[in-house]
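# 3D model of this:
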Amino acid sequence: MFESAAHNEIITMAHARSIKYGLDKDKPYLEKIIKGKEFKKLIAENKDLIEISKPFIKVLYNLLKGSGFSFCLTDKNGIILTYIGDEEIIKNQVKIRMIEGTDMSEEGAGANGMGTSLYEDCSLQISGEEHFLKLFHAWTCSAAIIHDENGNILGCLNLVGNRESVHPHTLGVVVAAVESIEDQIKIKNANDKLIETCQCMDTILNSVSLGIYSVNTDGIIQSFNKEACRILNIKEEELIQKNVESILPNWVEIFEKLKLGKSYEDKELVINNEKIVRGRFDVSANAIKINKEVIGMVVVFKEIQNVFNLVNKYSGQRAVYTFDDIIGESRQIKEVIKYAKKISSSPSTILIEGESGTGKELHAQSIHNYSNRKNNSFVAVNCGAIPKSLIESELFGYEEGAFTGAKKGRHAGKFELANRGTLFLDEIGEMPLDMQVKLLRVLQEGYVTRLGGEKIIPVDVRIIAATNKNLKEEVRKGNFREDLYYRLSVNPITLPPLREREGDLPLLIRYLFRMKTKKLNKNINSIKAEIYTKMMNYNWPGNIRELENCIENIVNLDGQNTAFFNDNEEMVIEKDSSSRESNFENAEIHTLEDVEKNEIVKAININPHNMTQIAKSLGINRSTLYAKIKKYSIKFE
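I've put the predicted structure just below:
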């Protein structure tokens, strides 16, 4: 019990608070009681506290049974959760409504053992007139606070008896009981955490898309997760407690590295064991240590193809468009779609020819997503945007140290990334002749060899090539290999230009207008009649791409566009739209291509030796910049 002065100060302050709460000292019974669903919810929230405390409370009650005492257990807010005691005192408690659900906090019951102990967060014994309400004056209360292992209040245990029975040791008994309850809570929490951790680890290991197994220092497999069994197509009992050599031939070498504190991460491993699924895997290993001694290792592995699929997923190497995204009802486009669907699942190569802006990649992605390869990678390569010196390493990959400037470690090429999927070779007509020979060899033999390497890597890739050039004419000129042309054009597709797609222009204008107004968050309902008429009469040499850019220009300027069409059907940009009517005859006219070329030249003159900064200032990426420099034949040192 507290020293007299400290105890008296606590009681005095508790009474002052009780008066502040507006409590009536003479009230005949307690009024604040939680019932029904609210009380059931409270019991559920304090389930662990009740289950742990009850056995200790029963033991104490059996020791004090017949001596006129009762025990009350409250939650952290002073609400009685459960109670047990002698019949006479329980009858008196019920008479004043001191029952399950009753609020025994100071706000609900004034200064009392439970409420004041919770307020002060300390063990406390209150007797007779120390209680604020007269209905408690016949009793003595000994209360102790129950904390969790972090010191947070969980509830309160209170021993109630006649005031004549008050004794300092009574509080000591309650405090001892609370200490036992707190110890049991710690034990339960520790056990719960251990069980939870084991179950969590088990769930995690069996949920990840990685094969995981552990090995002791003798190379004996100790455990497997389900994914490891699935990848290797083997039952756990066939490998558990067996030597790891069949699935990790170099395990001794790995162990030695781990013992020396070295890492073993993302190493390529080929398994040729006849009893296990053969394949190429990415393997990492980590040491298992106890007191700094390596007692085993955990091996994590995954199929190389899954690594490539993940790379493709997060690098945007996925086909997002389908045939449903192709807008058009013309006979020409319907015939193209019908034919493309028919050949979509064929492993044979496809050559898509068409003018710039006709949607060659849109059709390529649609073919992929309609094919039996739709769940695998779609890897796009712009053959005209990659420097000649890098195109081989980009397509076929390279080994570490294969050439100056190569990144550290192995690097998979686009063929490997597209394995089991589709490789889209855009602007195939721009591929150098020496690379055409190597591409033809891969198409004929079905495997690649990385630059600087000797290992043959089988690849299952369906090729879709695209060009805006006349490849037959390029063959005649000697710019494109005839044998490669015939190898690529097994399934040729020619995309019609927009001017030949009868009836599709109005559909595309409406679709693109809705799309751009939504994307740019513009509240424009229609295109002006005179602009629409000019759009319908325009030849659209840039096809759908040019149409899309034109509509975006219209939407950006809320319909007051600076784009118009002259008598020669050439799309031009007016320099000063505010005085278009007065200055039209004297206006300087530039095609969009002239404007674009001039801006690129201007940016190059400002940053002649920094391609990254030039691309950034123009708002495009480096590969697009290179492509446009080539397109406009821009020369610079």
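# Surely Ile350 is in contact with Ile343?
Yes: taking Cβ atoms under 8 Å as the definition, Ile350 is a contact partner of Ile343 at 6.6 Å. Bear in mind the C-beta positions are built from the backbone N, C-alpha and C, glycine included.
# Comparing the two, which residue is more hemmed in?
The residue with more neighbours, out of Ile350 and Ile343, is Ile350; 24 against 16, by other Cβ atoms under 10 Å.
# list residues touching both of Ile350 and Ile343?
Residues touching both Ile350 and Ile343 (Cβ atoms under 8 Å, 6 or more residues apart in numbering) are 367, 491.
# Run a quick neighbour tally on the closest residue to Tyr83 other than its chain neighbours.
Using Cβ to Cβ, 6 or more residues apart in numbering and skipping residues adjacent in sequence, the residue nearest Tyr83 is Cys72, 4.5 Å away. Counted with other Cβ under 10 Å, residues neighbouring Cys72 total 27.
# Report the beta-bridge partners for Cys72.
Tyr83, Asn158 (DSSP bridges).
# got a list of contacts for the helix or strand Asp48 falls within?
Take DSSP states H and E as the rule and Asp48 turns out to sit in helix 47-64. Outside helix 47-64, the residues that touch it by Cβ under 8 Å, 6+ apart are 43, 69, 71, 73, 75, 81-82, 84-85, 146, 154-155, 157, 159, 173, 177, 180-181, 184-185, 188.
# Just the ones of these in helices?
Among these, DSSP state H puts 43, 173, 177, 180-181, 184-185, 188 in helices.
# Can you add neighbour count and distance to Ala111 and give those back as TSV?
TSV is the format used below for the ones in helices among the contacts of helix 47-64 (neighbours: other Cβ atoms under 10 Å; distance: Cβ to Cβ, whole Å):
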residue	neighbour count	distance to Ala111
Ile43	15	27
Val173	17	22
Ala177	20	23
Ser180	16	28
Ile181	24	25
Gln184	16	30
Ile185	19	28
Lys188	13	33
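# In a markdown table: those, plus pLDDT and distance to Glu552.
Formatted as a markdown table, the ones in helices among the contacts of helix 47-64 follow (pLDDT from 0 to 100; distance: Cβ to Cβ, whole Å):
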| residue | pLDDT | distance to Glu552 |
| --- | --- | --- |
| Ile43 | 95 | 63 |
| Val173 | 89 | 82 |
| Ala177 | 92 | 76 |
| Ser180 | 93 | 75 |
| Ile181 | 94 | 70 |
| Gln184 | 93 | 70 |
| Ile185 | 92 | 65 |
| Lys188 | 89 | 64 |
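# which of those residues sit farthest apart?
Ile43 and Val173 (26.0 Å; Cβ to Cβ).
# returning to what we had before: possible to save the ones in helices among the contacts of helix 47-64 as TSV with distance to Pro458?
Formatted as TSV, the ones in helices among the contacts of helix 47-64 follow (distance: Cβ to Cβ, whole Å):
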residue	distance to Pro458
Ile43	65
Val173	79
Ala177	73
Ser180	69
Ile181	67
Gln184	63
Ile185	61
Lys188	57
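# immediately after the least confident helix or strand in the chain by mean pLDDT, which helix or strand?
Within the chain, no helix or strand scores below helix 580-583, which has a mean of 36 by mean pLDDT, DSSP states H and E. Where DSSP H and E defines the elements, the next helix or strand beyond helix 580-583 is helix 592-606.
# Mind giving me the packing neighbours of that next one?
Helix 592-606 sits against strand 571-573, helix 611-618, helix 622-631, with contacts defined as 3 or more Cβ pairs under 8 Å, 6 or more residues apart in numbering; DSSP states H and E.
# So which bits of the helix holding Asp48 are buried?
Using 16 or more other Cβ atoms under 10 Å as the burial criterion, the residues of helix 47-64 that qualify are 49-50, 52-54, 56-57, 60-61, 64.
# Mind picking the lowest-pLDDT entry from those?
Checked by pLDDT, the buried residues of helix 47-64 have Leu64 as the lowest-scoring entry (85).
# Adding mean pLDDT, distance to Ser366 and mean neighbour count as columns, could you present the helices and strands packed on helix 592-606 in JSON lines?
Below are the helices and strands packed on helix 592-606 laid out as JSON lines (pLDDT from 0 to 100; distance: least, Cβ to Cβ, whole Å; neighbours: other Cβ atoms under 10 Å):
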{"stretch": "strand 571-573", "mean pLDDT": "44", "distance to Ser366": "28", "mean neighbour count": "20"}
{"stretch": "helix 611-618", "mean pLDDT": "77", "distance to Ser366": "30", "mean neighbour count": "16"}
{"stretch": "helix 622-631", "mean pLDDT": "79", "distance to Ser366": "23", "mean neighbour count": "16"}
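# burial measure for Lys292, as a count.
Neighbour tally, Lys292, other Cβ under 10 Å: 5.
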